[in-house]
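Novice: Could you look at this predicted model? Sequence included:
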Amino acid sequence: MVRPAIVWFRNDLRVSDHAALSAAVAGGRPVVALYVHDDDVARQWAAGGASRWWLHHSLEALGASLHRRGAPLILRRGAAAEHLAAIARETDATEVHAGDAAEPWARAQEVRVAATLAGDGVAFHRHRTSMLFDQDRIRTQSGGPFQVYSPFARACMAGGGPPPPLAAPTRLTAPSRPPRSDRLENWTLLPTHPDWAAGLRATWIPGERAARNRLARFLDGPIAGYAAGRDRPGEDATSRLSPHLRFGELSPAEIWHGVRHAKGAGKFLGELLWREFSRHLLWHQPDMPEKPLRPAFVAMDWRTDPGSLRAWQRGQTGIPIVDAGMRQLWHTGWMHNRVRMIAASFLVKHLLIDWREGAAWFWDTLVDADLANNSASWQWVAGSGSDSAPFVRVFNPMLQARKFDPDGSYIRVHVPELAALPAAYVAAPWEAPGEVLRDADVVLGNTYPRPIVDLAVGRTRALAAHAGLASA
């Protein structure tokens, strides 16, 4: 009897371009496909509510795809090392193949898994499934990690770019007696009381097949105007592939090679490299989610203001573009990237609230919550990252709205109480004359809140806090 190989799925919930699955199949062995749900290992960065919703449906889709090819998806909950060792003993498996991960707890988990398996004579093989490049090989000329994006991107492309994706196996062989599997519904990943996921269900279809369909729609039109359109939140000009990438329903290499010859692909490929750069930073600086990359920012005098934080979270700040973004996030689990920057800048600078508060909220509410992207992006906005925007660059959300949502179409969708305002005032209703507000049925402080901070006052306070930091 040929002894099986275990494929440990992680953030790579697909069958195409899956190096770990391909390696197991290439050995001619029966395959035990396994996913282990271990919230305890991540501690405060355990999957948030929106991610848990997506995970449930993504695992359903992966299970169906594997079943069609001849192997069931085995689900286990708890410590990965214990379950992998137990299943290896039960099936007499001699090797485990798994994808890579940049999260510090996931890398520590790999060490425990490899050590536990080695004690039983089982080989552990890690493959690149969630990144474009081997992060240990992307180095500066002095041999260290990169801290600046542009030279990092050049180093990545020096070898010609990522290799082409692998084909999905057409047939898998399962062991004659597959291991016991948990029932997915028993993991209670979906919300019930209350069921707040109606907006997610209306917006998204998780899974590898849906990811391919979304990529195809992007290539059919929006990519041609992506460079300019990606900054206009009222237009359907972005790929919306981020949650599919987050759960590995498409690999970054599949997307890279799918779009690289398309008109307008250059800017989009740059965004994929930004994603890779975020992983590079986390790979080499694993405390990035909790600690500023620029040491001076440890002493930043952030404000503690639960009321303002709550208003920001719920889209009740009185700043329409910020509120539109935060409500889009709450309803759909996603926010347009330009608006993410505006909303983040408002929290960190105009409200002077610690960027980690914003990162934690995004972590819980985003369907594409990704530790590397989330942490690096918040540090970029806060000015504390290694290659970030300077703190003194304070977005004026009113001007940002007028520049990137000039007719107010994005605001009107997500802040419907302002929908009847003329375009000249929808970004700043406090500037509208009384008769304009009355005609639009807007009562500031009643139907829509007044701004919780004067933008000029907030900017001045932020710059003063940074000046104090610089002089400390």
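Specialist: Ah, there it is. Numbers count the residues shown, from 1 in each chain.
Novice: Please name the nearest non-neighbouring residue to residue 153.
Specialist: For residue 153, ignoring the flanking residues on the chain, the nearest one in space by CB to CB, 6 or more residues apart in numbering is residue 273 at 4.7 Å. For glycine as for every other residue, the C-beta is placed from the backbone atoms N, C-alpha and C.
Novice: Report the separation between that neighbour and residue 133.
Specialist: 9 Å (CB to CB, to the nearest Å).
Novice: swap in residue 40?
Specialist: According to CB to CB, residue 40 and residue 133 sit 30 Å apart.
Novice: before we move on, what about residue 24?
Specialist: 23 Å.
Novice: For residue 123, give me its contacts.
Specialist: Listed by CB atoms under 8 Å, 6 or more residues apart in numbering, the contact set of residue 123 reads 94-96, 117.
Novice: Just send those residues back as CSV, with pLDDT and neighbour count too.
Specialist: Shown next, in CSV, are the contacts of residue 123 (pLDDT from 0 to 100; neighbours: other CB atoms under 10 Å):
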residue, pLDDT, neighbour count
94, 95, 18
95, 97, 19
96, 98, 25
117, 98, 21
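Novice: ok, of these, which one's closest to residue 200?
Specialist: The shortest approach to residue 200 among these belongs to residue 96, at 33.0 Å (CB to CB).
Novice: dump the residue contacts of the closest residue to residue 163 other than its chain neighbours.
Specialist: Computed as CB to CB, 6+ apart, the closest residue to residue 163 that is not its neighbour in sequence is residue 253, at 6.8 Å. Residue 253 is in contact with 17, 132, 162-165, counting by CB under 8 Å, 6+ apart.
Novice: what do you get if the cut-off is 7 Å, keeping everything else the same?
Specialist: Neighbouring residues of residue 253 by CB atoms under 7 Å, 6 or more residues apart in numbering: 17, 132, 162-163, 165.
Novice: that's a helix at it, yeah?
Specialist: Yes - secondary structure assignment (DSSP: H, G, I helix; E, B strand; the rest coil) places residue 253 inside a helix.
Novice: picking that back up, which ones among the contacts of residue 123 map onto strands?
Specialist: When DSSP state E defines the strands, the subset of the contacts of residue 123 inside them is 95-96.
Novice: Spatially, which pair of the contacts of residue 123 is furthest apart? Let me know, please.
Specialist: 94 and 117 (9.9 Å).
Novice: Phi first, then psi, for residue 99.
Specialist: The phi/psi pair for residue 99 (degrees, to the nearest 10) reads phi -80, psi 180.
Novice: which SS class is the closest residue to it other than its chain neighbours?
Specialist: In space, and not counting its chain neighbours, residue 99 is closest to residue 129: 3.1 Å by CB to CB, 6+ apart. At residue 129, secondary structure determined by three-state DSSP is coil.
Novice: ok, now how distant is residue 129 from residue 309?
Specialist: Taking CB to CB, one finds residue 129 at 37 Å from residue 309.
Novice: One more: residue 466?
Specialist: In this view, residue 466 and residue 309 are 20 Å apart by CB to CB.
Novice: And the two? Which one has more around it.
Specialist: Using other CB atoms under 10 Å, the more surrounded residue of residue 466 and residue 309 is residue 466, with 21 against 18.
Novice: I'd like the distance between that one and residue 455.
Specialist: Computed as CB to CB, the residue 466 to residue 455 distance reads 17 Å.
Novice: Convert whichever helix or strand residue 76 is part of to CSV, retaining C-alpha atoms only.
Specialist: Using DSSP states H and E, residue 76 maps to strand 73-77. Taking C-alpha atoms only, strand 73-77 is exported to CSV below (Å, rounded to 0.1, in the frame of the first residue of the first chain):
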residue,chain,number,x,y,z
LEU,A,73,-11.6,18.0,2.9
ILE,A,74,-10.9,17.0,6.5
LEU,A,75,-11.7,19.7,9.1
ARG,A,76,-10.2,19.8,12.5
ARG,A,77,-10.3,22.4,15.3
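Novice: quick one: strands adjacent to it?
Specialist: Here strand 73-77 is paired, per DSSP bridges, with strand 31-37 (parallel).
Novice: do you know how far residue 52 is from residue 364?
Specialist: 10 Å.
Novice: which one of those two has more residues nearby?
Specialist: residue 52 (20 against 16).
Novice: just so I have it, where are all the strands in this protein?
Specialist: 5-9, 31-37, 73-77, 95-99, 123-127.
Novice: Please list the residues outside the longest one that contact it.
Specialist: In this structure, residues lying in contact with strand 31-37 by CB under 7 Å, 6+ apart are 4-9, 24-25, 59, 66, 71, 73-77, 80, 83, 87, 91, 93, 172-175, 178-179, 187.
Novice: Quick one: buried ones out of those?
Specialist: Among those, those classed as buried by 16 or more other CB atoms under 10 Å are 4-9, 24-25, 59, 66, 71, 73-76, 80, 83, 87, 91, 93, 172-175, 178-179, 187.
Novice: Just the terminal-to-terminal distance for stretch 235-246.
Specialist: Length of stretch 235-246, first residue to last, CA to CA, to the nearest Å: 23 Å.
Novice: what about stretch 325-344, start to end distance?
Specialist: Where stretch 325-344 begins and where it ends lie 10 Å apart, using CA to CA.
Novice: what does stretch 145-160 give?
Specialist: 20 Å.
Novice: Not counting sequence-adjacent ones, nearest residue to residue 439?
Specialist: Distances taken as CB to CB, 6+ apart place residue 420 nearest to residue 439, at 7.3 Å, with adjacent residues excluded.
Novice: Do you know the pLDDT at that neighbour?
Specialist: pLDDT recorded at residue 420 is 98.
Novice: That one against residue 440, yeah?
Specialist: Yes - judged on CB atoms under 7 Å, residue 420 makes contact with residue 440 at a distance of 3.8 Å.
Novice: Between those two, point out the one with more neighbours.
Specialist: Between residue 420 and residue 440, counted using other CB under 10 Å, residue 440 has the larger neighbour count: 20 against 14.
Novice: Quickly note the distance from the closest residue to residue 300 other than its chain neighbours to residue 462.
Specialist: Here the nearest residue to residue 300 in space, its sequence neighbours aside, is residue 469; by CB to CB, 6+ apart that works out to 5.5 Å. Between residue 469 and residue 462 the distance is 11 Å, computed by CB to CB.
Novice: count of residues packed around the nearest residue to residue 425 once chain neighbours are set aside?
Specialist: In space, and not counting its chain neighbours, residue 425 is closest to residue 432: 3.9 Å by CB to CB, 6+ apart. Here the number of neighbours of residue 432 (other CB under 10 Å) works out to 20.
Novice: what does residue 276 give?
Specialist: Other residues within reach of residue 276, judged by other CB under 10 Å, total 24.
Novice: Contacts only, for the residue nearest to it when sequence neighbours are not counted.
Specialist: Setting aside the residues directly before and after it, residue 276 is nearest to residue 132 in space (CB to CB, 6+ apart), at 5.1 Å. Residue 132 makes contact with 156, 162, 252-253, 256, 272, 276 under the criterion CB under 7 Å, 6+ apart.
Novice: Can you read off the pLDDT for residue 132?
Specialist: Note for residue 132: predicted pLDDT of 96.
Novice: Residue 159 now?
Specialist: In this model, residue 159 is scored at 81, pLDDT.
Novice: Compute the distance between it and residue 18, please.
Specialist: In this view, residue 159 and residue 18 are 22 Å apart by CB to CB.
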